[in-house]
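> Quick one, structure for this:
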Amino acid sequence: MINIFLNVVILCAKSQWVTIYTLTPRGECSPYSINYLFFFLPPHSMLKISVGYNSGVKITPDIPWLGSGDQSVVSSAFNTYPWDCLFHTYYTLLNHHSSSLTIVVSILIQGSISILKCPQDCIYCQGPDAKCILYFLKFATFWFTTIETEGWIVDNNIEMKTSSFYTIKLAGGQDNLLANQTLDRIFQNIPPHFQIQIQFKLWTFSQYNVSYVFSFDDNQYQIEQKLSTSQKVGIQNIEIQMDHSSSQLKLKLQSISNNEHSWGLNTFDFYIAKCIIYCEKCFGPSIQECTLCIKGWMYFKDNCLPIPLILVSLIIKAKPTLQNQNQNVPFHISIDEGKKYIQDVGLNNVEIDQNFGNITFTIQANCFSKEKIEGSFKSCYQCFTQSQYTQIHYCNQNINFITYFVTFSIEIDSQLQFIINLQDNFCEAYQVIQAYDQVIEFLIFKITKSNS
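A predicted model of the protein is given here:
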């Protein structure tokens with residue numbers, strides 16, 4: 001007699017041990033009385049099983065298999081007991097991250113299954129304190145309540161089929177994935193990351209031992225599912241973590257045993273350890289471990305920042321006294337795109353909401369006889385504190401105004417903020433950039449007046 005119990009567990013609480021299932025007497029002392037217990041689990045870091053028996057029992061749940069880097073560990077955390085119909089006790093505590101749990105067991109008298117839940121709103125945690133790994137992001141999930149086949153290919157050209165083992169849905173499964181067949185999938189457009197973690201359940205239907213090779217790009221892992229004539233269904237929880245930074249992942253799963261068997265998968269989770277925001281390539285989660293910022297951004301003072309304005313055009317015109325121009329005001333500045341006009345002495349905060357691709361400042365400076373006017377303008381990505389391009393003009397009695405038409409390119413679409421400082425003998429403009437709770441000011445131009 002075979003029974004199927006499907007449980008969906010939804011819990012909301014702080015990190016703590018939570019009992020998800022209480023085991024009660026079921027069935028009779030017989031190797032033919034089998035119960036399949038299947039659970040969907042919230043994010044957690046550890047699993048605890050405590051049971052007592054007064055009859056023969058067989059426990060074969062997802063035997064954990066862990067792959068990390070070049071090393072792998074196969075751990076059989078559960079035992080097979082003889083059919084002696086005597087009382088037994090069993091207790092185990094193990095690391096467990098899978099989103100589901102499957103247990104095959106015969107008659108039970110009492111016991112419980114508990115998990116150590118991750119903190120609220122945490123999608124991945126580790127260890128006995130359920131520490132939340134904030135930089136882990138779930139990139140893809142397959143085969144929980146439904147089985148999607150799109151993109152999964154058998155033997156390079158056959159669309160994957162699905163099956164059900166009683167009420168449990170499987171990708172592949174009996175008579176669909178056979179000896180020496182491969183299952184492939186290419187994941188694309190993966191966000192910037194430095195590690196990946198793949199978790200899924202591997203089901204094997206056979207009375208012989210079956211070996212598998214799992215390939216993730218150029219990394220290979222080999223495992224063996226041990227079965228016998230008395231245990232014809234094997235379930236293993238596969239968890240593989242490795243360094244990875246490409247935006248594409250080629251996944252290949254293959255049975256490499258020649259004996260007769262079928263195999264399948266379910267509850268597939270694909271996690272990535274993401275780079276910090278605005279970072280394109282990294283080797284860890286912090287900004288100090290970022291090696292390349294996203295397009296339109298640059299690395300500066302341990303931050304990825306939008307590239308500041310860069311000079312693309314400068315036109316200078318010298319004119320006599322302009323009509324209706326107040327010569328008592330040393331500088332007049334206007335921003336064409338934002339229709340901003342600045343002539344007040346002191347600090348002026350200016351915001352431009354729209355992005356026009358370029359932005360043009362028109363700067364008029366009073367120019368009296370025997371004065372020298374020097375203008376410097378930011379013209380390179382790496383000119384952080386000083387401008388690079390400089391122009392000097394000497395005034396005479398026929399010239400009363402110098403007008404600068406300064407055009408800068410805008411690298412990214414975002415609101416622009418400026419601090420414009422007007423004084424009697426100079427004017428300067430800083431672009432204000434905010435990132436990672438920091439505010440950084442870049443000098444984009446400065447015009448000074450002095451005696452020649």
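
> Now I186: closest residue in space, sequence neighbours ignored.
K250 (5.5 Å; Cβ to Cβ, 6 or more residues apart in numbering). Backbone N, C-alpha and C define where each C-beta goes, glycine included.

> for the one you found, helix, strand, or coil?
Secondary structure state of K250, per DSSP: H, G, I helix; E, B strand; the rest coil, is strand.

> which residues sit in contact with it?
By Cβ atoms under 8 Å, 6 or more residues apart in numbering, K250 lies in contact with 184, 186, 215-217.

> Narrow the residues you listed to those in strands?
184, 186, 215-216 (DSSP state E).

> Run through the helices of the stretch 101-250 of the chain in chain order.
Applying DSSP state H, counting those that start in this stretch to the stretch 101-250 of the chain gives no helices.

> Where does pLDDT dip in it?
104-110, 228-231 (pLDDT under 70).

> can you map out the strands along it?
Per DSSP state E, counting those that start in this stretch, the stretch 101-250 of the chain carries strands over the ranges 110-117, 125-126, 131-132, 136-142, 153-154, 158-159, 162-165, 168-178, 182-187, 193-205, 210-216, 219-225, 233-243, 249-255.

> from those, which stretch is densest packed?
Each of the strands of the stretch 101-250 of the chain was scored by mean neighbour count; the highest is strand 193-205, a mean of 22, by mean count of other Cβ atoms under 10 Å.

> In terms of secondary structure, what does it contact?
Contact here means 3 or more Cβ pairs under 8 Å, 6 or more residues apart in numbering; DSSP states H and E; on that basis strand 193-205 packs against strand 168-178, strand 210-216, strand 219-225, strand 233-243, strand 262-274.

> in its sheet, what does the longest one sit against?
Okay, so that is strand 262-274. The pairing partners recorded for strand 262-274 under DSSP bridges are strand 136-142 (antiparallel), strand 168-178 (antiparallel), strand 193-205 (antiparallel).

> and if you look at the fourth one?
Sheet pairing here is set by DSSP bridges, and for strand 233-243 it gives strand 63-68 (parallel), strand 193-205 (antiparallel).

> Please apply the same query to the third one.
According to DSSP bridges, strand 219-225 has the following sheet partners: strand 210-216 (antiparallel).

> For the strand it pairs with, output the C-alpha coordinates as CSV.
C-alpha atoms of strand 210-216 as CSV (Å, rounded to 0.1, in the frame of the first residue of the first chain):
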residue,chain,number,x,y,z
VAL,A,210,23.2,4.6,-11.3
SER,A,211,25.9,7.2,-12.0
TYR,A,212,25.4,10.7,-13.3
VAL,A,213,27.6,13.6,-14.6
PHE,A,214,26.4,17.1,-14.1
SER,A,215,28.2,19.8,-16.2
PHE,A,216,28.0,23.5,-15.5
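
> relative to strand 249-255, how tilted is that strand?
Per axes from the mean of the first three to the mean of the last three Cα atoms, to 10 degrees, the angle that strand 210-216 makes with strand 249-255 is 170 degrees.

> Run the chain-centre distance for strand 210-216.
26 Å (Cα atoms, centre = their mean, to the nearest Å).
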